[in-house]
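Asks: Provided below for reference: sequence and predicted model.
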Amino acid sequence: MKWLYFGFLILFTVVVQANEVESLNAKQLEQQVQVINELQNVILMKDSKVADVDALFAHFTDNFEYIHEVYGGTYTKEHLYNNYVKFLKAGRYQNTSPRYKITNMIVGHDAVSVEREQVYEGQIEKHLTVFEFKHNKVAKIIEYWK
């Protein structure tokens, strides 16, 4: 009986430690959002490559979702990837300076609410985006702007 109890205790300790490893701390979450923002900006630049799209998508989980109700609803990782590549090959990405600048972040458990700015037709627009993380990768991006 003592061995059974000891085995259960070890198993419980391993499970608890594994769950703790899955979550990033606040600083790590902010750093991940900065990396994603930079990679998104790189893709939108003139002369970007498919390798830039691949670099961004390496930070997403296999079941990643992108949600933007104003612009089409929910996109799977594959659908969003294919759109990026299609627009890239069509020459739609011609920026000469980064599109997004992060102005504020609020970190929660495995999620970051991000305020980003972009200049559009000479005006500053603010965008709200939420990044959700799972296993140290982005599992979902939800956009809340028009």
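Replies: Cool, the structure landed.
Asks: my guess is residue 32 contacts residue 135, does it?
Replies: No. Taking contacts as Cβ atoms under 8 Å, residue 32 lies outside contact range of residue 135: 11.9 Å. Glycine gets a C-beta too; all of them are placed from N, C-alpha and C.
Asks: neighbour-wise, which of those two wins?
Replies: More crowded of residue 32 and residue 135, by other Cβ atoms under 10 Å: residue 32, with 18 against 12.
Asks: please pull out the lowest mean pLDDT helix or strand from this structure.
Replies: helix 2-22 (a mean of 55; mean pLDDT, DSSP states H and E).
Asks: past that one, which element shows up next along the chain?
Replies: Counting by DSSP states H and E, the next helix or strand C-terminal to helix 2-22 is helix 26-43.
Asks: mind listing what's buried along that following helix?
Replies: Judged by neighbour count using 16 or more other Cβ atoms under 10 Å, the buried positions of helix 26-43 are 29, 30, 32, 33, 36, 37, 39, 40, 41, 42, 43.
Asks: now those as TSV including distance to residue 89 and pLDDT?
Replies: Compiled in TSV, these are given as follows (distance: Cβ to Cβ, whole Å; pLDDT from 0 to 100):
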residue	distance to residue 89	pLDDT
29	33	98
30	33	99
32	28	98
33	28	99
36	22	98
37	23	98
39	18	99
40	18	98
41	19	98
42	16	98
43	12	98
